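Novice: Sequence and predicted structure, then a few things I'm wondering about:
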Amino acid sequence: MKKYLLPSLRLTAVLLVLLCIIYPLFIAAVAKLAPGGGDGVTVTYKGKIVGYENIGQDFKSDKYFQPRPSAVGYNAAGSGASNKGPTNPDYLKSVQAAIDTFMVHNPGVNKTDIPAELVTASASGLDPDLSPAGAKIQVKRVAALRHISEQDLMKLVDEHTEKALLGIFGPAKVNVLKLNIALDEMKTN
Amino acid sequence: MNTEITGIIVTYGITLLLSIPLGRYIAKVFAGEKVWTDFLKPFEKLIYRLSGIDPTEEMNWKGHMKALLTISSLWLVYAFFALIFQDKLPLNPDHNPGQTPDLAFNTAISFLVNCNLQDYSGESGVTYFTQIFVLMFLHFVSAASAIAAMMVVYKGMKEKSVTTLGNFWDFFVKSITRFLLPGAVLIAIILAFNGTPASYKGKDTVITMQGDTTQVSRGPAAAMIAIKHLGTNGGGWFGANSAHPFECPNYLTYMLEMIAQVVIPIALIFALGFYLKKKRIAYVIFAVMTIGMFMFLIPTLQAEIKGNPAIEHMGINPANTAMEGKEVRFGVPATAYWSTVTTIISTGSANGAHDSYMPMTTAMQLMAMMANCFYGGCGAGFLNYYIFIIIAVFISGLMVGRTPEFMGHKVEAKEMKIASIAALLHPFLILSFTALASYVLVYHPDIHWAFQPKNWLGNPGYHGFSEMLYQNTSAAANNGSAMGGLTGNNIFWNVTTGIILLFSRFIPIIAPVAIAGIMAQKKYIPESAGTLKTDTGTFGLMTMAVILIIAALAFFPALALGPLAEFFSMK
């Protein structure tokens, strides 16, 4: 063993310099050229940074499109899921409660149209997106409260729908923060 | 076709297309043939000179293992103390505290052995220093040392009658310089351009649209996330792993991370064929492993797409009822595919919450980790498969009345004993430690520990048992994914899984290297009409049978108590 100890020590030191100093510093330097400069991409509204493009945030008011339930309350100092199993009775009660709450806040929508994502917590607790269906089912409520026509709002959702990658890979999605900013801008116009 | 299904098919297709040329390249690198990255030779020479290593010094199998164990012990001590004292070290902008000794014990071992079970959350449990200088460092070197051990076995299969099998440091350093590091650089840059943070800035405070003051964790994550996948490590920067929108921001990065984590394991199988100049054997192994993957993938996709019947009964839209613990940008099928890949290979990174998947998926994830050899982790996957080959050769030899031979060398009692111990160790560790945990939970729920066993589980009933079984299986398979409902950060789980991790890493590496080393020393027997063919479909089938008997039958009672019971109780 002794024969290998000194080379092990020296090789570890060399690799620490290569892999833990040079490599991440190089990536950080290249990332300066990326959107957000490697600090994360922020979203600005009325000259102020209101959040990060990729990090979901809560909208409690019914006048906004609401994001998915979050197990960490959209506190991005951490992240996490509910970790509830599919047959857990308490969990199923909480899903039922979420459906009932949604029906109260969205009179006139068909229960069978509610996509499951609106009553289930995401894996990160920071999911920034909704499916197009998850946004569209909220149009009726938001339109009524804001006195905007439903057609205009539907159009807004369509404009903010990011299609599948290259049109063929993966699901379509809507970024809730960007959609809500567009919604507020619509009002001021 | 549905864009979510085409997404998976194309992701797997690209992986295969990349893995064949990559396999050829890796074979050439280790065979010392000319490759385009030879311009790195002076750089490697510099590393050897600074380290006082002679890369041409031949080692026998024991020399290889002594080198591996010496350097691993060194890393373990370094990691343990760095994690305990991380609050006093630099690069801690978020002022996170030092780890407790039991957590540091678990974390250090877990990353040393390429498992990456994380009983802490990345945002609060470690610092930028320990993420980069300890955890990411171990991502690289744990993958490279397993690949080096695998190369010893490859060389043992190739040579006719030798005592020495190359130089450990040479295999190890080349794994890093020739593919792990260049690959990681490429992946990290793509991640950074898709929104993954890469700078050293600490948490940011923002005031949201509705006026909440919230903090956003960041850090040089792109560099770590790249190697976390390429090295089949899985330990992420953020607590939610690749479900975190910084860690995997969109579908492009989904495909990238998905390809990155399985491309080297597949390429290493093709590399075997190119290296031995016996492509057929690689194709047979690849076919068995691929069938193994589909055996787990198809029921998983079926269960997840069908969703949760209990939620369907509530009368909402019946599509995607399994969205609990999943992200919109990936969707259900892509998250299901990831969960299969991350458990057949030993990555253990997750883009969804494994605790909330359907019971059939849990069963498939567990079986994937119990088999632990379909593609498998970098290097480690083939080493596990090699044990099954040896057993299959021995059994087939007895069945047809021929002397069991593999690659021109007799398989005798000694090799068979080593292989049996290695194969039985896996079920032994998983089942005995799960039995121990169940015993403590049932008979001592109120024992006077800081964290009482009655609070361990996040879910009641069969699912709770699955959580414990999963934790031990993940540790024994060096996988590192977890059902998050189980609270792992307490003395009992930190210590027991730490022990499982140590045994289940080094014995399954030493055993195949020892077998290959001993066999390579034996007299070479040229192939004749009486030789048992090991590059045929029949032999592939035989190997599959051995895997299923050892992996499925040994674990069946435990699976029946957990996920299968939950599956049959679903209405």
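Specialist: That came in fine, so what should we check first?

Novice: what about residue 80, how many neighbours?
Specialist: Assuming you mean chain A. Residues lying near A:Gly80 (other CB atoms under 10 Å in any protein chain shown) number 25. For every residue, glycine as well, the C-beta is placed using N, CA and C.

Novice: actually it's chain B I care about, not the one you picked
Specialist: Neighbour tally, B:Phe80, other CB under 10 Å: 20.

Novice: Excluding covalently adjacent residues, which one is nearest to it?
Specialist: In space, and not counting its chain neighbours, B:Phe80 is closest to B:Ala108: 4.3 Å by CB to CB, 6 or more residues apart in numbering or on different chains.

Novice: Which strand or helix spans the one you found?
Specialist: Under the criterion DSSP states H and E, the helix or strand holding B:Ala108 is helix B:101-112.

Novice: Can you give the distance of that helix from its chain's centre?
Specialist: 17 Å (CA atoms, centre = their mean, to the nearest Å).

Novice: helices or strands up against it?
Specialist: helix B:61-84, helix B:137-158, helix B:491-521 (3 or more CB pairs under 8 Å, 6 or more residues apart in numbering or on different chains; DSSP states H and E).

Novice: contacting residues for B:Ile345?
Specialist: B:232, B:261-262, B:265, B:374-377, B:381 (CB atoms under 8 Å, 6 or more residues apart in numbering or on different chains).

Novice: And what about residue 57, helix, strand or coil?
Specialist: Because you didn't say which chain, this covers chain A. coil (DSSP: H, G, I helix; E, B strand; the rest coil).

Novice: could you do chain B instead?
Specialist: Assignment for B:Glu57 (three-state DSSP): coil.

Novice: Would you agree B:Ile285 is in contact with B:Phe388?
Specialist: No. Applying CB atoms under 8 Å as the test, B:Ile285 and B:Phe388 come out as separate, 10.2 Å apart.

Novice: circling back: for the helix holding B:Ala108, which positions count as buried?
Specialist: For helix B:101-112, a neighbour-count test (16 or more other CB atoms under 10 Å in any protein chain shown) marks B:102-112 as buried.

Novice: Touching stretch A:121-128 from outside, list them.
Specialist: A:53-56, A:67-76, A:78-82, A:175-177, B:238, B:240, B:243-245, B:324-329, B:335, B:350-353, B:356.

Novice: Repeat the analysis, applying 7 Å as the threshold.
Specialist: Contacts with stretch A:121-128, where a contact means CB atoms under 7 Å, 6 or more residues apart in numbering or on different chains, come from A:54-56, A:67-72, A:74, A:76, A:79-82, A:175-177, B:240, B:243-245, B:324-328, B:351-353.

Novice: could you flag which of the residues you listed are buried?
Specialist: A:54-56, A:67-72, A:74, A:76, A:79-82, A:175-177, B:240, B:243-245, B:324-328, B:351-353.

Novice: mind giving me the domain split of chain A?
Specialist: Chain A breaks down by automatic domain parsing into domains covering A:1-39, A:41-188.

Novice: most tightly surrounded among those?
Specialist: For these, the largest average neighbour count (mean count of other CB atoms under 10 Å in any protein chain shown) is found in domain A:41-188, namely a mean of 19.

Novice: Helix B:61-84 and the helix holding B:Ala108, what's the angle between them?
Specialist: With axes from the mean of the first three to the mean of the last three CA atoms, to 10 degrees applied, the angle from helix B:101-112 to helix B:61-84 works out at 140 degrees.

Novice: Great, nothing more from me.
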